[in-house]
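K.L.:
here is my input; please provide its structure:
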Amino acid sequence: MPWGGQTTLKCPGSPKTVMLVTPAQATIVEISSQLDYSQFNLLIVTSEKEAAEKIRLGWPNVLIFEPAGCRDNTLCQFLAENKSLLPLILITGAEGAYPDNPSLQVNEILHRPVSGLELSTRLNAVLHLQQLEQQAQSRVSASGRPRVLVVEDSPLQRRVIARYLTDQDLDVFTAADGVEALEKARQAPPDLVLLDLVLPGLDGFEVCRLLKEGASTAGTPIVIITSRSSREERIRGLECGADDFLVKPVDRKELLIRTKSLLRRKQLMDTLLNEASRDPLTGLYNRRRLAMEMQRELARAKRYNLQLAVILLDVDDFKRYNDTYGHPAGDEVLKELAGLLTVHTREADTVYRYGGEEFIVLMPQTGPEGGMAGAENIRRQVAGHLFGGGGDRPAGHLTVSLGVAVFPEHGENADELLCAADRAMYRAKREGKNRALAAD
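P.N.:
Presented below is the predicted three-dimensional model:
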């Protein structure tokens, strides 16, 4: 049941508190009848002044605000002046219902009449974004301009949507059908897809499903564009993996709010994933990232009949070095070696710390001859490098032993390739170390 008048503890897993600010009885009935009370509590407030007071006390987790019918600008001013990070959802049911306050940070739009599906979608979207913001804690670094793919068969609608986005510091590219959309997304994965459901050939549902199954596009947010009356289309689109939906005709303000929110979420998720995929000592990608990217590169190699080389290398006699000079000195060697490997591999190659003193180099579109040439270059560079000393750490030379395996000659999947490279590397150890050998 709706409630209002006392606080609740914000315990992990407990229902979140949604504050609804509106004087309209019809809106109160709509929201209270459609809300999922297993996930949310509802706090109803009919005046902006009262809402500002309760927000100051820290009561709600999400704010739903209906500007139409409110008599003053108290709440907008309070949120803007306090630079509130409280997720804000605006309710609109008529033209001009958006508050004219550019400093107000709106996260989502909710249309009247309100459906349970849309209400849950909007609430979960803003709470997910807030959770990511808290996890990232301003650690997101500036990157290139986000890429938005607009998939629409109508030339007029493509131009309209692209024009809405042109002044938003985005790279916008378009596709007229599903096949073109999939090809462009695979060539250069977008950060957001705006996808019409009615397309020639492959329809939007199938395009959405294929994008969500693709290794390089699985994490890309997809907004389906559907007719206002088709609730079934929205449900089916969300079941296919879509993250959100827009109704035709697309409203410019709503499009920009939703685009900004989803791109921010994608940026935060990419940042957190990148941090989870890095080895904290060397800064190289770790074993978890290797597993993901090997699957992607193997899928590409199989699709286009390409080769893929894997180099596994291990520092010779590293345990003896650690036992003699200590683990801090060994850590410094591993960091220096990681930098050396990064410098002396191709731009297309990726270096990973596989574990301990073992490293992997993944070489796309490379056969046995190229893989052995890359491994021999690494062996030579390491053997000729004078590792720096400091404190109790000695300066001097180290060597590595390397094994090379190639798809499809030495294995059809990631496990087979890594095992083949591992066997070749241990053979190099047995045959005297400081050498590179190909898999049998």
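
K.L.:
for Gly396, the count of nearby residues, please.
P.N.:
12 (other C-beta atoms under 10 Å). Every residue, glycine included, has its C-beta placed from N, CA and C.

K.L.:
nope, Thr282 is what I was after
P.N.:
Residues lying near Thr282 (other C-beta under 10 Å) number 21.

K.L.:
in three-state terms, label the nearest residue to it once chain neighbours are set aside for me.
P.N.:
With C-beta to C-beta, 6 or more residues apart in numbering as the measure, Ala338 is the residue that lies nearest to Thr282, at 3.7 Å, once sequence neighbours are left out. Taking DSSP: H, G, I helix; E, B strand; the rest coil as the rule, one finds Ala338 in the helix state.

K.L.:
i'd like the first residue to be 9 from this point on
P.N.:
Sure, I'll start counting at 9 from here, so that last one is Ala346.

K.L.:
ok, Ala346 - contacts?
P.N.:
Shown in contact with Ala346 (C-beta atoms under 8 Å, 6 or more residues apart in numbering): Thr290, Gly291, Leu292, Val359, Arg361, Phe367.

K.L.:
tell me who's in contact with the first one.
P.N.:
Thr290 makes contact with Leu342, Lys343, Ala346, Arg361 under the criterion C-beta under 8 Å, 6+ apart.

K.L.:
now the third one
P.N.:
With contact set as C-beta under 8 Å, 6+ apart, Leu292 has these partners: Arg286, Ala346, Leu349, Thr350, Val359, Tyr360, Arg361, Phe367.

K.L.:
for PyMOL, what selects the buried ones among these?
P.N.:
Typed into PyMOL, the next command selects the buried ones out of the contacts of Leu292 (criterion: 16 or more other C-beta atoms under 10 Å):
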select buried, resi 286+346+349+359+360+361+367
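
K.L.:
quick check: the farthest pair among the contacts of Leu292?
P.N.:
Greatest spacing in the contacts of Leu292, by C-beta to C-beta: Arg286 and Leu349 (15.0 Å).

K.L.:
ok, of the contacts of Thr290, which one's closest to Ser41?
P.N.:
Checking the contacts of Thr290 against Ser41 with C-beta to C-beta, the nearest one is Arg361 at 54.4 Å.

K.L.:
could I get the phi/psi values of Ala446?
P.N.:
Comment: the main-chain dihedrals of Ala446 come out as phi -90, psi 160, following degrees, to the nearest 10.

K.L.:
one more: Ser409?
P.N.:
Dihedral angles phi and psi of Ser409 (degrees, to the nearest 10) take the values phi -110, psi 140.

K.L.:
once you drop chain neighbours, what's closest to it?
P.N.:
Nearest residue to Ser409, sequence neighbours excluded (C-beta to C-beta, 6+ apart): Ala436, at 4.0 Å.

K.L.:
what residues are up against the one you found?
P.N.:
With contact taken as C-beta under 8 Å, 6+ apart, Ala436 is in contact with Ser409, Leu410, Gly411, Arg443, Ala444, Leu445.

K.L.:
farthest pair within these?
P.N.:
In the contacts of Ala436, the most distant members under the criterion C-beta to C-beta are Gly411 and Arg443, with 10.0 Å between them.

K.L.:
just want to know which of the two has more residues nearby.
P.N.:
Using other C-beta under 10 Å, the more surrounded residue of Gly411 and Arg443 is Gly411, with 27 against 19.

K.L.:
so that one belongs to a strand, correct?
P.N.:
Yes: the secondary structure assignment for Gly411 places it in a strand, going by three-state DSSP.

K.L.:
isn't it right next to Leu445, touching?
P.N.:
Yes: with the criterion set as C-beta atoms under 8 Å, Gly411 and Leu445 qualify as a contacting pair; they are 6.0 Å apart.

K.L.:
any shared contact partners between these two?
P.N.:
Taking C-beta under 8 Å, 6+ apart as the contact rule, Gly411 and Leu445 both touch Ala432, Met433, Arg435, Ala436.

K.L.:
tell me which element the closest residue to the third one other than its chain neighbours falls in.
P.N.:
Setting aside the residues directly before and after it, Arg435 is nearest to Leu445 in space (C-beta to C-beta, 6+ apart), at 5.4 Å. Under the assignment given by DSSP states H and E, the secondary-structure element containing Leu445 is strand 444-446.
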